[in-house]
Every structure is written in structure tokens, then in C-alpha cells.
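1. Quick one, fold the following:
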Amino acid sequence: MKNILKIATISLIGASYLFAGSAPKTYPAGELGKMVKLGEDISANTDTHPLTKDLVGNKLQCKSCHLKGDDGKTGTGDGISSWIGTATAFPAWSDREKSVQTLEDRSNACFMRSMNGKRLPNSSEASVAIASYITWLSTGMPINMNEKGPWSPHNTELYPKSAKSFKTIIEKATHANYVTGEQVYKAKCSSCHGENGEGVDGTFPPLWGQDANGKWLAYNTGAGMSKLAKAAAWVKSNMPLGEGGTLKDQEVADVVLYINAQPRADFDLQKGLLPKEQMGYFNSKVLEEKGSVRGNFKVLKLDIDEIRGDKKIK
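-> Model prediction:
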């Protein structure tokens, strides 16, 4: 019945998402099943789990972006960033890394970007567990390696085209769009994510800013969510929670402009890597990368000071 309602909603509002699917009904037996369950636990408690908490530098978990579906499991939501089918696409080409990436490579890199921490070592217990969980979510699906990018077949349908469309919209942004974005945020987002982007501890993730001790709360400027067009594609398909696809494109573009104009940690790839003896081989041809809020706006030829109304930000 829920699937029928979703299809009806898509038909009525032209929502930019499709039904992704659900997790398998049963876990694998024995030690493999234990590893899948461990990965599921880590994905829901990444910043506090004993195996990963020391590598996370903010208050996010995998589930902050890879939303729960009707089955209550991380990564089974319908919008962009669903993990259903993701394992079928790997190994996959990554233009960001300029290399063919494994599933572990892809998820481990999130720790130094979305988690603002240190890259999880390949083949570590936590790395294998997360990959096992994501792979379990693709049970029974055909292998479909992706030469376009490290996305599942589901997300390949939704993500690149949507991001390209939003890039065209956001490139035209002015201070007026920032002001409108703030209004959209207050009306549609602040009840969950806080007036100052601080989130609700244990319930809804923070989007920017620092805590009282100066610790950054959300993703840094190397994360996909910090890139304006990519973030807009994600927001369009997922937000408001449970109502993905209901915001107008311009509303999405404006609110993402506002959110990503707020202070967040700079990204330095080298600082996100553990010492080689701990990390092992780093499967990337890109060894130097830095990011800032100002730089992410400049990519779209936008001046952050003009967008914010001359409110200076680094």
C-alpha cells in the first residue's frame, strides 16, 4: 500500500525520486551475518560507535545522508543516496579520485569529508562491516558496474541530471536568493535542524556551525553536500523528511545556497589521511585537495561576500 501511495505522489507532484526498494528480510547466517549487523550498527551510530568514533570529527552518522526507509534501516530511503543496489555498481570510476574505486574506497572516503575526520583504513573491521551491510542491501540484484561514476543504478537515474539542472539555476544566484533561502530554511528546515543549523542531538543532524568547545558539527567543504548543485539534487529528492520532491526547484536552490554559505570546516585531503602504516594503500591518483566555503562558491563563479550581503567569511 505504501508503494502505491508513493507512486501516486510521484505522479501528482513530479517528485525527483523513484522507489528504491527495501532491505532483504533475513540476514546471512553465521559470521557473515554478524558482520552485516555490525555494519548496520556502525551506520546508525557512526560518531559514537567504538570502532569509528575516533575517526569522526563532527556529530554526523552515515544515516544523516543515507536516510532510513520504511523498513527502518539506514540507506533504504527512496531519494538520492539510497544504498539499495549500490554494491552492484562497484568497482566504479571516480572522477574525483581519478581512479577506479571499490565500495570500501568510496565509503571510507566519507569519513574525511562528510564526517570531517580521518579516512577509515581499507580492510579494517569497521570498513569491512560497512561494506558488508551495503552489499547485503543489494542481495539478488545483478552486477551493473558503472563507468559514469560511483553511483548505484537508482542514483545514476536521479543524481547527475538533477545536479546539472541545479547548477544552471544556482549560477544565477544573487543576495536576494540568499535572503529567500534563509526564509525557506526558517519555514521548512529549522524545526528539525535548528535555527542556527545545530540540529537536534540524537534525532536530526546539524547542518553547519560549531559547538561550545569549537568542534565542527557538520560536513566539511570537501563533502558532496558542500557542493551547491550536488546538495540541491540531494535536498530536492529527500527533504522535507518524508516529503521529497515537494519543494520547488528555486526554493531548493535558494535554501542550499543559504545553508552552504554558513561557516563550516575547510577540507584538506592530506589532513584527512592517517599515517601510511595505519591507513595502508590509498587508492587515489589525487593526493592534494583543499576546499573552503569561498572556494565552493567560486566554482560556480559566485562571490560569497556578495551572496551573503558582505558578511565576511573565510
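
2. CA atoms for contacts and neighbours, from now on please.
-> Fine.

3. shaky segments in this structure?
-> Counting by pLDDT under 70, the chain has low-confidence residues at 1-19, 311-314.

4. Enumerate the helices of it by residue range, in sequence order.
-> 2-13, 30-44, 103-109, 125-136, 153-170, 175-184, 190-193, 228-238, 249-260, 276-279, 293-298, 304-308 (DSSP state H).

5. report the angle between the axes of the fifth one and helix 249-260?
-> Just to be clear, that refers to helix 153-170. In terms of direction (axes from the mean of the first three to the mean of the last three C-alpha atoms, to 10 degrees), helix 153-170 departs from helix 249-260 by 90 degrees.

6. Helix 153-170 packs against which elements?
-> helix 228-238, helix 249-260 (3 or more C-alpha pairs under 8 Å, 6 or more residues apart in numbering; DSSP states H and E).

7. The third one too?
-> Using 3+ C-alpha pairs under 8 Å, 6+ apart, the elements in contact with helix 103-109 are helix 125-136.

8. Can you mark which positions in the helix it packs on are buried?
-> 126, 127, 128, 129, 130, 131, 132, 133, 134, 135, 136 (16 or more other C-alpha atoms under 10 Å).

9. List the contacts of it.
-> Identification of contacts with helix 125-136 by C-alpha atoms under 8 Å, 6 or more residues apart in numbering yields 23-24, 27, 32, 35-40, 42-43, 51-52, 83-88, 103-104, 107-108, 120-122.

10. if we can go back for a sec, got TSV for the helices of the chain, with distance to residue 219 too?
-> TSV is the format used below for the helices of the chain (distance: least, C-alpha to C-alpha, whole Å):
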stretch	distance to residue 219
helix 2-13	30
helix 30-44	16
helix 103-109	13
helix 125-136	19
helix 153-170	19
helix 175-184	19
helix 190-193	14
helix 228-238	12
helix 249-260	10
helix 276-279	21
helix 293-298	11
helix 304-308	18
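
11. Select, out of the helices and strands packed on helix 153-170, the one closest to residue 289.
-> Shortest distance between residue 289 and those, using C-alpha to C-alpha, is found for helix 228-238: 17.7 Å.

12. and the closest one, what other elements does it pack with?
-> helix 153-170, helix 249-260.

13. Can you tell me which of the ones you listed is most buried?
-> helix 249-260 (a mean of 24; mean count of other C-alpha atoms under 10 Å).

14. nearest residue to the spatially most central residue of the chain other than its sequence neighbours?
-> For the chain, the residue nearest the mean C-alpha position is residue 65 (4.3 Å; C-alpha atoms, centre = their mean). Of all residues not flanking residue 65 in the chain, residue 81 sits nearest, at 6.8 Å (C-alpha to C-alpha, 6 or more residues apart in numbering).

15. Number of residues surrounding that neighbour?
-> Residues lying near residue 81 (other C-alpha atoms under 10 Å) number 23.

16. could you measure it against residue 244, distance?
-> Here the criterion is C-alpha to C-alpha, to the nearest Å. By it, residue 81 lies 13 Å from residue 244.

17. Pull the contacting residues for residue 73.
-> Contacts of residue 73 (C-alpha under 8 Å, 6+ apart): 23, 40.

18. returning to that earlier point: the helices and strands packed on helix 153-170 into JSON lines, with extra columns for distance to residue 301?
-> Formatted as JSON lines, these follow (distance: least, C-alpha to C-alpha, whole Å):
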{"stretch": "helix 228-238", "distance to residue 301": "12"}
{"stretch": "helix 249-260", "distance to residue 301": "13"}
